[in-house]
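In: Sequence and predicted model, in that order:
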Amino acid sequence: MSAQPSFFARLWLAIVCWFRIVFDARFAGQVVALRSGSALPAAGERPTLARPPEPMNAAQALHLLSLLQREGRLIDFCEEDLAGFSDAQVGAAARTVHDGCRKAVREAFTLVPVRAEPEGSPVTLPAGFDPRAVRLTGNVTGSPPFSGVLRHHGWKAAQVRMPVASGDSSLIAPAEVELP
């Protein structure tokens, strides 16, 4: 194949790669590494999945909290005593908070499911499964393989795009003063 494939060759490659990325986690990890500029494993080496993001330090965690406050007023919502409000009022407020926080999360992260199966699907976990990636619930006895039903597919960060915080990281949201 030439160094610059034709339009139809590229279209076919895109379709084939899409299916392989969806169904082959190892290949998807190689694509992620290639897109991020990381070196691909040498021939014969076992490819690794994308490196997990580094743990957040306090300043980064506070910056994320400030983004959730700025976009969704999350702290205001959590700190409000909701006992005096009707369910309809709480629901309306929750919708606004949800929309803003969802926007902030989607701007800062690309999230992907831990498990690809649809929720409600039967799954079998072999010996050696990652207990950090799958939490067992229900009647947990014996040793793997475990068979059960996927109740939640889980989430992991495929990409982190946290903006750089500037100034005092402990300042989550400024006070607001309305002038006459």
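Out: Right, received. Where do you want to start? Numbers count the residues shown, from 1 in each chain.
In: Okay, buried residues for the helix or strand harbouring A158 please.
Out: A158 belongs to strand 155-160 when assigned by DSSP states H and E. Neighbour-count burial for strand 155-160 flags A158 (criterion: 16 or more other C-beta atoms under 10 Å). All C-beta spots, glycine's among them, are computed from the backbone N, C-alpha and C.
In: tell me the domain ranges of this protein?
Out: For the chain, the structural domains run 10-51, 57-117+145-171, going by automatic domain parsing.
In: that older thread, what's the strand holding A158 packed up against?
Out: The criterion is 3 or more C-beta pairs under 8 Å, 6 or more residues apart in numbering; DSSP states H and E, and the helices and strands that strand 155-160 contacts are strand 109-113.
In: returning to what we had before: average pLDDT for the strand holding A158, rounded please.
Out: The average pLDDT for strand 155-160 rounds to 90.
In: List the pairing partners of that strand within its sheet, with orientation.
Out: According to DSSP bridges, strand 155-160 forms sheet pairs with strand 109-113 (antiparallel).
In: Show me what counts as buried in the very next helix or strand once past the partner strand.
Out: Scanning forward in sequence from strand 109-113 by DSSP H and E, the next helix or strand is strand 122-125. By neighbour count on 16+ other C-beta under 10 Å, the buried set for strand 122-125 is L125.
In: circling back: just say which of the domains of the chain is most tucked in.
Out: With neighbours defined as mean count of other C-beta atoms under 10 Å, the domains of the chain peak in mean count at domain 57-117+145-171, which reaches a mean of 14.
In: what about that one, how long is it end to end?
Out: In domain 57-117+145-171, first residue to last residue: 15 Å (C-alpha to C-alpha, to the nearest Å).
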